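Student: Okay, structure incoming, though there's no sequence with it:
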């Protein structure tokens with residue numbers, strides 16, 4: 001049990017350490033202007049993704065055989081986009097939660113190449129490797145798959161630190177955990193995450 005808890009906590013501390021190493025210096029400068037969130041995400045990805053990849057590869061012995069095809073990947077990606085749109089423009093609008101947020105104002109600001117690099121590559125890689133590739137898999141060592149999906153989705157929601165983004169993140173987190181469980185590879189959640197970000201980029 002202690003080993004399993006330690007395996008769960010180590011990647012959390014790695015990501016926290018990467019965040020501190022990036023954000024503390026960034027707080028001391030204004031050279032990045034309105035692009036600071038984009039640069040912050042990019043730098044954290046550069047620090048944390050290589051370590052998370054090591055953890056993910058270590059855990060392959062606990063995963064089943066990959067079950068993914070181009071068709072299933074496309075179907076899941078399309079479903080993720082549809083769910084994203086339904087949450088953002090349907091459910092949340094009716095709840096009165098459809099308002100501009102600091103996240104949107106900063107993530108969708110700045111130079112085009114930087115937005116695309118972060119939204120389509122850095123952010124999906126960092127968040128999916130951590131929340132689905134490592135955290136979800138290691139939570140399954142302590143809880144049933146449904147419990148692990150719920151906890152990882154709740155953590156994903158809290159990570160966004162905003163009511164609407166948090167609710168959105170929770171429901172998307174459940175869907176992405178399902179994608180991870182069905183495919184047994186983090187490639188599918190990364191693809192879905194990138195697809196959803198891409199659609200959001202062209203709509204917002």
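Tutor: All right, it came through fine. As the structure is a prediction and not an experimental result, all values here were calculated from the model.

Student: tell me how far the ends of stretch 51-64 are from each other?
Tutor: End-to-end span of stretch 51-64 (CA to CA, to the nearest Å): 22 Å.

Student: pLDDT of it, averaged?
Tutor: Stretch 51-64 shows a mean pLDDT of 92.

Student: Then stretch 143-155?
Tutor: 96.

Student: Check stretch 172-185 too.
Tutor: pLDDT averaged over stretch 172-185 gives 93.

Student: how far does that stretch sit from the chain's center?
Tutor: 12 Å (CA atoms, centre = their mean, to the nearest Å).

Student: now the helices for the protein?
Tutor: 2-26, 36-58, 70-86, 92-94, 102-107, 112-117, 123-128, 137-139, 145-159, 163-183, 187-203 (DSSP state H).

Student: gap between residue 154 and residue 160?
Tutor: Residue 154 sits 11 Å away from residue 160, going by CB to CB, to the nearest Å. C-beta coordinates here come from the backbone N, C-alpha and C atoms, glycine included.

Student: Please read the previous query as pertaining to residue 115.
Tutor: 18 Å.

Student: With residue 51 instead?
Tutor: When residue 51 is compared with residue 160 (using CB to CB), they lie 22 Å apart.

Student: mind listing what the residue nearest the centre of the chain touches?
Tutor: With distances taken as CA atoms, centre = their mean, residue 127 lies nearest the centre of the chain, 3.0 Å away. Residue 127 is in contact with 156, 159, 193, counting by CB atoms under 8 Å, 6 or more residues apart in numbering.

Student: Appreciated, that's everything.
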